[in-house]
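Engineer: 3D model of this:
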Amino acid sequence: MKPTLKIVFAIVISVLIVSCKPNYNSVNSESTTQNKQRIDYLIDRFNDSNGKDVMVIAHRSDWRNFPENSLEAMESAITMGVDMLEMDVAKTKDNQLIIMHDKTLDRTTTGVGLVSDHTLESIKSLYLKNGACIATKYRVPTLEEALILCKGKILVNLDKSYNYFDEAFQIAKKTGTTNQIIIKGFNKTVDQVVLDFGSKLDSIIFMPVINLDTEPNSSQIIDDFQNKLKVKAVEIIFSTDTSKVLKKFSHIKNKGSRVWVNSLWGSLNAEHEDDAAIKNTDSIYGWYLKNGVNMIQTDRPQLLIQYLKSKDLHK
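Structural biologist: Below you'll find the predicted structure:
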C-alpha cells in the first residue's frame, strides 16, 4: 500500500472508531434530565395538598423482595413506581450514618450487638438478612450511598434521624438531595422544631407526626404547624376511628397540607392494615380514599399501587 493510501486509510479508521464510541456525556445528560423531570414532578405533586392522586410511601423500601433498608430494596421500590421511600437512620461507633431500623444488629444482619458499638468498617463486613431471617449477599448501606441511589428519582423520608439531622443535612447537601428529603418529628412543638432546625427549614421539608391517641390537643397542634411553618404534610396516627380530627382531613388539605396515614399495622390506623387488604383490598384501602387520605405509607406498595391505578389515583 502506498504511503498516501496508508495515511488516508488510517484517518478513515480513526474517524470510524471515534464515531462508534458511546457518548457517555450525552447519556449521562439525558439521564440527569429525566431524573430532574421525575423529582420535579414528585415535588409538585407533594406540594399540591388537594391533588386527586394518592402518594405511596414504601416502608423500609421493598422489604418483601429484598432485605429491608437495603439498596436493592430501594431500587426495587423505585422501579415499582413508588413516590417516596421511608428509611431509618442510625449512627455507628465512629459517627458514620447508616440505614438501619433497629438499635441492634441482630435481627437484620449477621452481626450481634448495638449499632453504636460497631464501626462502619465492621458493619460493612456483615450481610443483611431477608424477611425470613436468612442471610443474603447484600450489605448495609450508608446514608450517603442511599441518597446517591435516590438522587433525582424519588422522595425520601428520613425516619429516626431527628437527633442526627445536622450530620444528615451535610450528607444531603454533599449529594445534592436536600430538596428530596422529608424529616418527621414526634411530640414536637413548632417552637421546638424552629429551635432545632433554624434556617435548614428553608431547604428541607419537615412533617409533624400527630398521635391522636396520646395528644388531646391534636387539632391545635396541627393548626400551629400549618399556620406558622406552612407544613406540606401531616402524619396522623390513631388506633381507633373516633377522633374528630379524622373528620377534618378536608380542612387540613384545604389549608395546604397532605394527609399521611400508615397502613402498616392496626394500632396505627384503627385496623385498616395492609395484611387485611390482601383479601379485602377495596374495603381497607377504600377506607383511606373515603376519608380523604392522600399519602399512605405501606408494607405492600405493589398491592396499593395496583389498587390506586384501578381508581385512576396513581400514575
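Engineer: going forward, measure contacts and count neighbours with C-alpha atoms only.
Structural biologist: Fine.
Engineer: which parts of stretch 191-201 are buried?
Structural biologist: Val193 (16 or more other C-alpha atoms under 10 Å).
Engineer: no, scratch that, I was asking about stretch 127-144
Structural biologist: Using 16+ other C-alpha under 10 Å as the test for burial, stretch 127-144 gives 127-130, 135, 138-144.
Engineer: I'd like the mean pLDDT over that stretch, please.
Structural biologist: Mean per-residue pLDDT for stretch 127-144: 97.
Engineer: what do you get for stretch 66-80?
Structural biologist: 98.
Engineer: Equivalent analysis for stretch 276-295, please.
Structural biologist: Computed over stretch 276-295, the mean pLDDT rounds to 97.
Engineer: swap in stretch 193-200?
Structural biologist: In this model, stretch 193-200 has an average pLDDT of 93.
Engineer: which residues in the chain form helices?
Structural biologist: Along the chain, the stretches classed as helices by DSSP state H are 3-20, 24-47, 71-80, 120-124, 143-150, 165-175, 190-197, 218-224, 249-254, 274-277, 281-290, 301-310.
Engineer: List just the nearest of the buried residues of stretch 127-144 to Asp196.
Structural biologist: Closest approach between these and Asp196, by C-alpha to C-alpha: Leu143, at 20.8 Å.
Engineer: Closest to the centroid, which residue in this structure?
Structural biologist: In the chain, the centroid-proximal residue (C-alpha atoms, centre = their mean) is Leu85; its distance is 2.1 Å.
Engineer: Hmm, that residue is touching Lys151, no?
Structural biologist: No: counting by C-alpha atoms under 8 Å, Leu85 stays clear of Lys151, with 11.8 Å between them.
Engineer: Tell me where the model's unsure across this structure.
Structural biologist: The chain contains residues with pLDDT under 70 at 1-31.
Engineer: any idea how far Asp202 is from Thr104?
Structural biologist: Distance of Asp202 to Thr104, computed by C-alpha to C-alpha, to the nearest Å: 34 Å.
Engineer: now the helices of the chain in JSON lines, with distance to Ser267?
Structural biologist: Below are the helices of the chain laid out as JSON lines (distance: least, C-alpha to C-alpha, whole Å):
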{"stretch": "helix 3-20", "distance to Ser267": "60"}
{"stretch": "helix 24-47", "distance to Ser267": "26"}
{"stretch": "helix 71-80", "distance to Ser267": "25"}
{"stretch": "helix 120-124", "distance to Ser267": "33"}
{"stretch": "helix 143-150", "distance to Ser267": "29"}
{"stretch": "helix 165-175", "distance to Ser267": "28"}
{"stretch": "helix 190-197", "distance to Ser267": "26"}
{"stretch": "helix 218-224", "distance to Ser267": "17"}
{"stretch": "helix 249-254", "distance to Ser267": "19"}
{"stretch": "helix 274-277", "distance to Ser267": "12"}
{"stretch": "helix 281-290", "distance to Ser267": "14"}
{"stretch": "helix 301-310", "distance to Ser267": "19"}
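Engineer: Looking only at neighbour counts, state which of Asp202 and Thr104 leads.
Structural biologist: Thr104 (18 against 10; other C-alpha atoms under 10 Å).
Engineer: Which residues does the more buried one form beta bridges with?
Structural biologist: With DSSP bridges as the criterion, Thr104 is bridged to Leu114.
Engineer: residues contacting it?
Structural biologist: Counting by C-alpha atoms under 8 Å, 6 or more residues apart in numbering, Thr104 makes contact with 112-115.
Engineer: same check, this time on His272
Structural biologist: Taking C-alpha under 8 Å, 6+ apart, one finds 263, 265-266, 284-285, 287 in contact with His272.
Engineer: Return the distance of the residue nearest to Ile98 when sequence neighbours are not counted relative to Leu289.
Structural biologist: If you skip the residues right next to it in sequence, Ile98 has Thr142 as its closest partner in space, 4.0 Å away by C-alpha to C-alpha, 6 or more residues apart in numbering. Applying C-alpha to C-alpha, the value for Thr142 to Leu289 is 36 Å.
Engineer: What about Glu121, how many residues nearby?
Structural biologist: Neighbours around Glu121, by other C-alpha under 10 Å: 11.
Engineer: If you could redo that for Pro216, that was the one I meant.
Structural biologist: 11.
Engineer: again with Asn280
Structural biologist: 13.
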